[in-house]
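Student: Next input, structure requested:
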Amino acid sequence: MANGMTEGLDTLAPVGAAAIIAPGGRGVMNVFGVEVSAVLTGEETGGAYSMYHIDCAPGAGAPPHVHSLEDEAFHVLSGEIAVWVNGEERVAGPGSTVFLPKGTPHAFRNPGTGRTRMIGVCTPAGHERFFADASKLVPGPDGAPDMAEAIAVCARHGIDLLPPPGAAG
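Tutor: Now for the predicted structure:
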């Protein structure tokens, strides 16, 4: 094999074909201040799942929300992630995996001083389309996207944004 184990494997393979995806080969999307890169899309997995790389700066994270369409899991590669789920916050460090079945209210943020890197997986696939749409939201003067637009993008992808943990409701 002239190219070692990568011969015959492409970074943009058709459904059902083997592939090796080069790091950063698909670009980075900014989703509510979190950097997300698609690794495998539903088109490549026949709709079974999507996989993505997540890079959170200190203090960055996803606001409280709930998925109605897919289960989600994160595997922490480096740093820490504080995960709020069912009214409780716990910190997950390197090597930890967080599983969030659809219908589970959750949020996460990087509580540390360094970056947190994770691999995320959603099943069935489709969550990568939410990332693409959410990354197009234009931030206002305060750096946050228009909430009405953010809510609409989330709703189109089966995600309900929730009030922050501890907010009066």
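Student: Give the full set of residues in contact with L100.
Tutor: Contacts for L100 (CB atoms under 8 Å, 6 or more residues apart in numbering) come out as 67, 71-73, 85, 106. Bear in mind the C-beta positions are built from the backbone N, C-alpha and C, glycine included.
Student: give me that answer again for 7 Å
Tutor: 71-73, 85, 106 (CB atoms under 7 Å, 6 or more residues apart in numbering).
Student: Please tabulate the residues you listed in a markdown table, including the columns pLDDT and neighbour count.
Tutor: Formatted as a markdown table, the contacts of L100 follow (pLDDT from 0 to 100; neighbours: other CB atoms under 10 Å):
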| residue | pLDDT | neighbour count |
| --- | --- | --- |
| D71 | 98 | 17 |
| E72 | 97 | 18 |
| A73 | 98 | 17 |
| V85 | 94 | 17 |
| H106 | 96 | 18 |
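Student: Which of those residues sits closest to E128?
Tutor: Nearest to E128 out of the contacts of L100 is E72 (CB to CB; 11.9 Å).
Student: now, which of the contacts of L100 lie within helices?
Tutor: Per DSSP state H, helices hold no members of those.
Student: In strands, which of these fall?
Tutor: Of the contacts of L100, the ones assigned to strands by DSSP state E are 71-73, 85, 106.
Student: What is the nearest of those residues to A62?
Tutor: Closest to A62, out of all of the ones in strands among the contacts of L100 and judged by CB to CB, is H106, at 8.0 Å.
Student: Beta-bridge partners for the closest one, please?
Tutor: Beta-bridge partners recorded for H106 (DSSP bridges): H65, V85.
Student: residues contacting it?
Tutor: 83-85, 100.
Student: A22: which of the residues you listed is nearest?
Tutor: Here the nearest of the contacts of H106 to A22, counting by CB to CB, is L100; it sits at 28.2 Å.
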